[in-house]
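Undergrad: Structure for the following, please:
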Amino acid sequence: MSRTFVLIVLIALAASGSRTWTHGGGPGSGSLQVRRTGRTGRVRPLAAGEVGTA
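TA: Below is the predicted model of the structure:
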C-alpha cells in the first residue's frame, strides 16, 4: 500500500517537473533567460570535482 502511494507521488512529481521544464517555468513566469557561462563558471565546478575526488 505505501509503495503504491510513493509511486503515485513520484509519477505526479515527474509529470509536473516535465511540464515545467518543457514550458520554461511555472505559471506566471516570464520568458526563460539564457546566457553564456564565463570561463570561471566552467572551471570552478570542475576544480571542485577534482578536489572532491582526490
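
Undergrad: Restricting to C-alpha, output whichever strand or helix holds Pro45 in CSV.
TA: Here Pro45, judged by DSSP states H and E, is contained in helix 39-53. Presented in CSV, the C-alpha positions along helix 39-53 are these (Å, rounded to 0.1, in the frame of the first residue of the first chain):
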residue,chain,number,x,y,z
ARG,A,39,35.3,30.8,-18.1
THR,A,40,35.3,30.9,-14.3
GLY,A,41,31.8,29.5,-14.2
ARG,A,42,33.0,26.4,-16.1
VAL,A,43,36.3,26.0,-14.3
ARG,A,44,35.1,26.2,-10.7
PRO,A,45,32.8,23.2,-10.7
LEU,A,46,35.5,21.1,-12.5
ALA,A,47,38.1,22.1,-9.9
ALA,A,48,35.6,21.3,-7.0
GLY,A,49,35.1,17.9,-8.6
GLU,A,50,38.8,17.3,-8.8
VAL,A,51,39.3,18.3,-5.2
GLY,A,52,36.3,16.2,-4.0
THR,A,53,37.6,13.1,-5.7
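
Undergrad: Figure out how far that helix is from the centre of its chain.
TA: Put simply, helix 39-53 sits 19 Å off its chain's centre (CA atoms, centre = their mean, to the nearest Å).

Undergrad: That helix - contacts with which helices or strands?
TA: Here helix 39-53 touches no other helix or strand, going by 3 or more CB pairs under 8 Å, 6 or more residues apart in numbering; DSSP states H and E. Bear in mind the C-beta positions are built from the backbone N, C-alpha and C, glycine included.

Undergrad: Show me which residues of that helix are buried.
TA: By neighbour count on 16 or more other CB atoms under 10 Å, the buried set for helix 39-53 is empty.

Undergrad: All further residue positions should be reported with the first residue as 4.
TA: Got it, the first residue is 4 from now on, which makes the last one we talked about helix 42-56.

Undergrad: and that helix, average pLDDT?
TA: Averaged across helix 42-56, pLDDT comes to 88.

Undergrad: Pull the residues that contact it.
TA: Counting contacts by CB atoms under 8 Å, 6 or more residues apart in numbering, no residue outside helix 42-56 touches it.
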